[in-house]
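Engineer: Let's see this in three dimensions:
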Amino acid sequence: MSEVIEMILIIIIVTLCFLMIPFNLQPNAVIEARKKFDIFIRLYDKPYRHNMREYDRRFQIFRSSLNKIAFLNVHRMENDTAIYGITQYADLTDQEFLQWNLSVLKHQMGPGQILQEKITPLDKFIIESSSAEMKDAIIFTRAKRSLQISDYLPKVVDWREKNVVPAVKSQGNCGACWAISVMDTISSLSTIKKKQPNVTDLCIDQVINCAGNGNYGCDGGDTCRLLEWLQNEQIVLNTLSDCPTTLSTENNPACKFGKVNEQKFLTVGSFSCVSLVDREHLMLRYLATRGPIVAAVNAISWQYYLGGIVQYHCEGRYEDLNHAVEIVGYNLESNIPYYWVKNSWGTTFGDHGYIKIEIGKNLCGIANRVSFIELV
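Structural biologist: Predicted structure coming up:
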């Protein structure tokens, strides 16, 4: 009897020992995250690799990014749907990403400026856009019907195949998306209109450093105000090969441009700055018959974009617009119809510098503020 009791006690003690050991067959989440982070900082050559304090701070942000990425992929039910993952921005907070890569695409008065009584075309647009929801409610049913694609429109349009789309740019730490998107679109439209065999890059620095009308260079600008400036001043644009040196003084840049051949590039004759919410068929029509267009977007959720078609997690409110892009085509044959959108964060972003956005839902605010450009 005593032997049986002794055996039971031994079994109980051994069982308790196993229960007290933190036994886990799953890999430690922190260890796995750190392995990914170490690969990440080597891959993108992050400068804080040997700075332990900054390393630890960025690692915590990186772990938070991993959770966000998992959330973004929850709705991924189809192979075509956007997929999110670790990108070069995975060690940035939302605020840092917004500050370094995006900006608010609305007019802001510069130092010393006072409010003028004269209302410019952009001010008029901003005023009108505030009542867009009311107007959309009135025409909602008709607009939804009109989104049905006309038979005469091609099912697939990609202006890159015509060699009229400039290469993807990288704006770096310069908030120049407003200039890059407009200048690249003008370059495309000029090539199409003049029936040239290949596209020629324009001198984007000419606009970044010299555009007036409420634009502030690398500190931000506005596509509509830029187009208004180009039109009013009848600016003759330099090609990249003729790009002059921009001299800077201590206080402000002094723009110096040599004489340019006015036949090289056309000037801006007219442009639109309109809301096409629930009327995206007009965007498709222009893309099919005229060429690329400029759009303001909300790109805050693009921080982790790897590829696929954006269908979720991209708010479309006008007040959230913070980036400018060039739309170069569309695909209506895909299970999920989408736009081809050229970004300005280099070719390592998304699909070789491009992002696909579903058509017809004003995703990322892509239809809130659209510019069609006519050259003369």
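Engineer: Quick one: residues contacting the most centrally placed residue in the chain.
Structural biologist: Nearest residue to the geometric centre of the chain (Cα atoms, centre = their mean): Ala299, 4.6 Å. Counting by Cβ atoms under 8 Å, 6 or more residues apart in numbering, Ala299 touches 101-102, 322-323, 325, 343, 364. Yep, even glycine has a C-beta here, placed from its N, CA and C like the rest.
Engineer: from the residues you listed, which is closest to Val376?
Structural biologist: Val325 (24.6 Å; Cβ to Cβ).
Engineer: which helices and strands does the strand or helix carrying that closest one pack with?
Structural biologist: Element membership of Val325 [criterion: DSSP states H and E] is strand 323-331. On a contact count with 3 or more Cβ pairs under 8 Å, 6 or more residues apart in numbering; DSSP states H and E, strand 323-331 meets strand 156-158, helix 177-193, helix 280-289, strand 293-297, strand 338-342.
Engineer: Buried residues in the shortest one, which are they?
Structural biologist: When neighbours are counted by 16 or more other Cβ atoms under 10 Å, the buried residues of strand 156-158 are found to be Val157.
Engineer: if we can go back for a sec, reformat the contacts of Ala299 as CSV; add distance to Tyr304, neighbour count and pLDDT.
Structural biologist: As requested, these are arranged in CSV below (distance: Cβ to Cβ, whole Å; neighbours: other Cβ atoms under 10 Å; pLDDT from 0 to 100):
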residue, distance to Tyr304, neighbour count, pLDDT
Asn101, 13, 24, 83
Leu102, 14, 21, 83
Asn322, 16, 20, 93
His323, 15, 27, 94
Val325, 18, 28, 97
Asn343, 14, 28, 97
Cys364, 14, 29, 97
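Engineer: Which one of these is nearest to His50?
Structural biologist: The nearest member of the contacts of Ala299 to His50, counting by Cβ to Cβ, is Asn101 at 25.8 Å.
Engineer: what's the neighbour count on Lys35?
Structural biologist: 11 (other Cβ atoms under 10 Å).
Engineer: do the same with Gly365
Structural biologist: 25.
Engineer: dump the residue contacts of it.
Structural biologist: 296-298, 315-318, 320-321.
Engineer: swap in Ile300?
Structural biologist: In this structure, Ile300 makes contact with 94, 97-98, 102, 315, 320, 322, judged by Cβ under 8 Å, 6+ apart.
Engineer: Low-confidence ranges, this protein, go.
Structural biologist: 1-27, 103-149, 244-265 (pLDDT under 70).
Engineer: domains of it?
Structural biologist: Residue ranges for the domains of the chain, per automatic domain parsing: 24-72, 101-110+118-375.
Engineer: Which one, of the ones you listed, ends up nearest to Asn79?
Structural biologist: domain 101-110+118-375 (7.9 Å).
Engineer: Just the endpoints, please. Distance across that closest one?
Structural biologist: For domain 101-110+118-375, the first-to-last residue distance is 30 Å (Cα to Cα, to the nearest Å).
Engineer: Run the chain-centre distance for it.
Structural biologist: 10 Å (Cα atoms, centre = their mean, to the nearest Å).
Engineer: Can you redo the domains of the chain as a markdown table, where the extra columns are distance to Ile86?
Structural biologist: Below are those laid out as a markdown table (distance: least, Cβ to Cβ, whole Å):
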| stretch | distance to Ile86 |
| --- | --- |
| domain 24-72 | 6 |
| domain 101-110+118-375 | 7 |
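Engineer: winner for burial among these?
Structural biologist: domain 101-110+118-375 (a mean of 18; mean count of other Cβ atoms under 10 Å).
Engineer: now the end-to-end length of stretch 346-360.
Structural biologist: Terminal residues of stretch 346-360 are spaced 27 Å apart (Cα to Cα).
Engineer: Ignore what I typed, I meant stretch 186-204.
Structural biologist: For stretch 186-204, the end-to-end distance is 11 Å (Cα to Cα).
Engineer: what's the farthest-apart pair in the contacts of Gly365?
Structural biologist: Of all pairs drawn from these, the widest gap by Cβ to Cβ lies between Ala296 and Glu315 and measures 13.2 Å.
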